[in-house]
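[1] Prediction below, plus the sequence it came from.
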Amino acid sequence: MVLAVHVGMLCHAVRVVTLVALVLGSTASAFAQATSAAPAPAPGPPPAKMKLLDRIKEPDQGGGLHFTKHWAIVFGGIKSGSGAALGPAFSNKFENGGYFQVKALYSIRRFRLLQARYDTQTFWKDRALLTSRIRWQDAPKLDLYALGPDSPDLNVDYAERRSDATTRLRLQFNPAVHMAMGFGVERYSTKNGRIDLVNDPALPEQPLMPGLGTRPWYAHSFISGTHDSRTTPGYSRRGHLLEGTIHSFNDVNDGQPPFGRFEGVAEQLIPTNGAKGVIGLSVQTWLSLSSGARAVPFFLMPLLGGSSNLMAFPSYRFRDRHALALRGEYRWAVHKMIDVAGVGEIGTVAARVGDLGLGDAPTSIAAGIRVHSKTSSLVNLDLAHGREGFRLVLGFSSGGGS
């Protein structure tokens with residue numbers, strides 16, 4: 001009872017702080033635009049025409065690799081398990097520093113995404129940025145396994161659609177310390193799919209998952225604090241990351257119980273041999289904050305498996321209310337844009353925090369290559385092995401924001 005009261009108070013506080021920050025951010029942005037007017041400078045010489053190779057060296061802030069001033073190609077960014085995805089993007093960088101992008105992505109597994117995004121100019125002495133987006137995504141076939149770390153390697157299919165409108169305020173206090181808060185409305189729709197009986201005709205009946213078949217509209221607010229001394233979030237060879245985020249989800253349509261979530265990550269990068277090599281160590285945790293066993297819908301539970309963690313297992317392989325993952329990686333630069341890597345991982349999920357033990361937790365080892373630019377990871381290719389065999393994992397990213 002005490003936990004439920006504290007969670008309710010915490011979620012309410014997050015919503016109040018977020019809404020106040022967004023109002024202040026919008027007012028400050030408008031004030032900055034209104035007071036920054038100045039006589040137009042005398043026209044200078046026309047800028048030199050940018051070469052194609054110069055355009056695609058680094059992604060813009062929306063993750064686009066540009067072939068013309070406004071048109072670009074973007075990779076990934078739909079949903080875990082979508083497979084390789086790419087599509088066109090149109091963007092514009094305004095003279096006042098604002099940024100606008102519209103993009104569409106389609107994956108080899110027929111996942112789809114449409115998104116429009118706008119970033120304001122920086123304000124509060126270049127310490128604040130307001131980002132708003134409208135997004136629609138469709139995942140026609142996802143794997144659903146039983147909950148828990150010991151679930152059998154058997155799954156059914158389900159489909160998921162999500163629509164959301166979100167505003168996020170980012171505050172940069174110094175190069176390493178920043179804070180973010182935001183609010184959005186998210187609509188989810190899930191439905192049963194085909195049962196795969198190819199591998200086992202005696203596939204057992206899957207237990208009813210919390211939230212399956214519902215269509216909730218969640219008012220989602222969050223607040224996070226970060227200390228990040230890495231060169232860039234997309235690709236770095238030194239520094240550390242400490243970050244904690246609290247989420248609040250309140251259903252405004254379908255009568256589902258409210259819940260919260262805490263996410264924490266700690267990462268340390270240790271350069272070796274003059275930064276030609278680097279050791280990366282990280283730990284992540286996801287803790288659900290709720291008063292009822294069915295309050296957290298399965299599609300918003302923490303997940304392990306896929307290209308982000310436990311690579312030897314497929315996406316969505318392990319799912320439950322709480323999760324813990326540890327990772328160690330060693331990278332060695334064989335080219336200014338290519339690293340070879342070795343990875344070891346262990347992680348688990350549980351219905352209760354006290355059950356997050358690593359004694360018999362799933363493990364994964366992998367070897368692969370990393371193709372990257374100076375600031376962003378572009379392509380990852382790994383051969384991973386775990387208790388269920390080998391998996392070849394291919395990941396794409398063009399960096400930038402989501």
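    Ah, there it is.
[2] hey, let's count contacts and neighbours off CA atoms from now on
    Will do.
[3] and the closest residue to Q284 other than its chain neighbours, bridged to which residues?
    The spatial neighbour of Q284 that comes closest, neighbours along the chain excluded (C-alpha to C-alpha, 6 or more residues apart in numbering), is V265 at 4.4 Å. Assessed by DSSP bridges, V265 has beta-bridge partners E243, Q284.
[4] Measure how buried V265 is and give me the count.
    Applying other C-alpha atoms under 10 Å, we find 17 residues neighbouring V265.
[5] Please tell me how far D254 sits from G211.
    10 Å (C-alpha to C-alpha, to the nearest Å).
[6] more crowded one of these two?
    The residue with more neighbours, out of D254 and G211, is G211; 19 against 11, by other C-alpha under 10 Å.
[7] In contact with the more buried one, which residues?
    R294, V296, P297, F298, F299 (C-alpha atoms under 8 Å, 6 or more residues apart in numbering).
[8] what about burial for the residues you listed, which qualify?
    For the contacts of G211, a neighbour count by 16 or more other C-alpha atoms under 10 Å gives the buried set as V296, P297, F298, F299.
[9] Which two of these have the greatest separation?
    V296 and F299 (8.4 Å; C-alpha to C-alpha).
[10] tell me the mean pLDDT over the host helix or strand of Y330?
    Y330 is part of strand 322-335 when elements are defined by DSSP states H and E. The predicted model gives strand 322-335 an average pLDDT of 97.
[11] ok, and what's touching it?
    For strand 322-335, contacts defined as C-alpha under 8 Å, 6+ apart pick out 276-288, 301-304, 309, 339-353, 356.
[12] and if you look at stretch 272-287?
    237-238, 261-271, 302, 321-333, 353.
[13] The longest strand along the chain pairs with which strands?
    Using DSSP state E, we find that the single longest strand of the chain is strand 177-195. Looking at strand 177-195 with DSSP bridges, its partner strands are strand 156-172 (antiparallel), strand 217-228 (antiparallel).
[14] Could you export it as CSV, CA atoms only?
    Output in CSV follows, covering the C-alpha atoms of strand 177-195 (Å, rounded to 0.1, in the frame of the first residue of the first chain):
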residue,chain,number,x,y,z
VAL,A,177,25.5,16.8,-17.5
HIS,A,178,22.0,17.1,-18.9
MET,A,179,18.4,16.5,-18.0
ALA,A,180,15.3,15.6,-20.1
MET,A,181,11.6,15.6,-19.4
GLY,A,182,8.6,15.2,-21.7
PHE,A,183,5.0,14.3,-22.1
GLY,A,184,3.1,12.4,-24.8
VAL,A,185,0.0,10.5,-25.7
GLU,A,186,0.5,7.0,-27.1
ARG,A,187,-2.1,4.7,-28.5
TYR,A,188,-1.4,0.9,-28.7
SER,A,189,-3.4,-1.8,-30.5
THR,A,190,-2.5,-5.5,-30.4
LYS,A,191,-4.1,-8.6,-31.8
ASN,A,192,-3.5,-12.3,-31.9
GLY,A,193,-1.7,-13.7,-34.9
ARG,A,194,-1.0,-17.2,-36.3
ILE,A,195,0.3,-20.0,-34.1
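[15] And it, how far out from the chain middle?
    11 Å (C-alpha atoms, centre = their mean, to the nearest Å).
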